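Undergrad: sequence-free structure coming up:
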């Protein structure tokens, strides 16, 4: 893959990369750092990509690994009570954003990849290196939790 093709493919998926990183990190500044590091690693390792058709999945997996590394480093450096609350992107439904942000990372990432980025269950399973059935279960659990959280918030709003 030459530099022009690499740049074109990265440009086409730049928004998706930021959304996936945000789905894991919940911090815009960290998202930018994670995407930059992932792109650098992908550029350096582009020779290891066996099939160009899997470029998006391959790059997304590199990004996910970078995000997990940042989370490990963050956990070692910062006490949890010192982390700020994540703010919703300007075009997002604040209640839905908050509900997704409260999900456990194992549930949140498949939701972001499937519902926000449009990846299929099999693609997500490959990216996360888990069976497809596990992804289906995580998506079902996440939907149930989101439904419960959003219904509870809606009920609280009506009772005020």
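TA: All right, it came through fine. In this text the structure is predicted, and so the values were computed from the model without any measurement. Numbering: from 1, shown residues only.
Undergrad: quick check, distance from stretch 111-126 to the centre of its chain.
TA: With C-alpha atoms, centre = their mean, to the nearest Å as the basis, stretch 111-126 stands 10 Å off its chain's centre.
Undergrad: Can you say which helix or strand has residue 99 in it?
TA: Using DSSP states H and E, residue 99 sits in helix 94-102.
Undergrad: just how off-centre is that helix within its chain?
TA: 14 Å.
Undergrad: buried sites along it?
TA: 97-100 (16 or more other C-beta atoms under 10 Å). Any C-beta I mention is one placed from the backbone N, CA and C, and that applies to glycine too.
Undergrad: In terms of model confidence, name the weakest of those residues.
TA: For the buried residues of helix 94-102, the minimum pLDDT belongs to residue 97; the value there is 83.
Undergrad: Mark out where each domain of this protein begins and ends.
TA: 1-86, 88-160 (automatic domain parsing).
Undergrad: By residue count, tell me the biggest helix in the chain.
TA: helix 132-159 (DSSP state H).
Undergrad: Show me what counts as buried in that one.
TA: So, applying 16+ other C-beta under 10 Å, buried residues of helix 132-159: 134-135, 138-139, 141-142, 145-146, 149.
Undergrad: Including pLDDT and distance to residue 68, could the residues you listed go into JSON lines?
TA: Listed next are those as JSON lines, based on pLDDT from 0 to 100; distance: C-beta to C-beta, whole Å:
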{"residue": "134", "pLDDT": "96", "distance to residue 68": "17"}
{"residue": "135", "pLDDT": "96", "distance to residue 68": "17"}
{"residue": "138", "pLDDT": "96", "distance to residue 68": "16"}
{"residue": "139", "pLDDT": "96", "distance to residue 68": "20"}
{"residue": "141", "pLDDT": "96", "distance to residue 68": "20"}
{"residue": "142", "pLDDT": "95", "distance to residue 68": "19"}
{"residue": "145", "pLDDT": "94", "distance to residue 68": "22"}
{"residue": "146", "pLDDT": "93", "distance to residue 68": "23"}
{"residue": "149", "pLDDT": "88", "distance to residue 68": "25"}
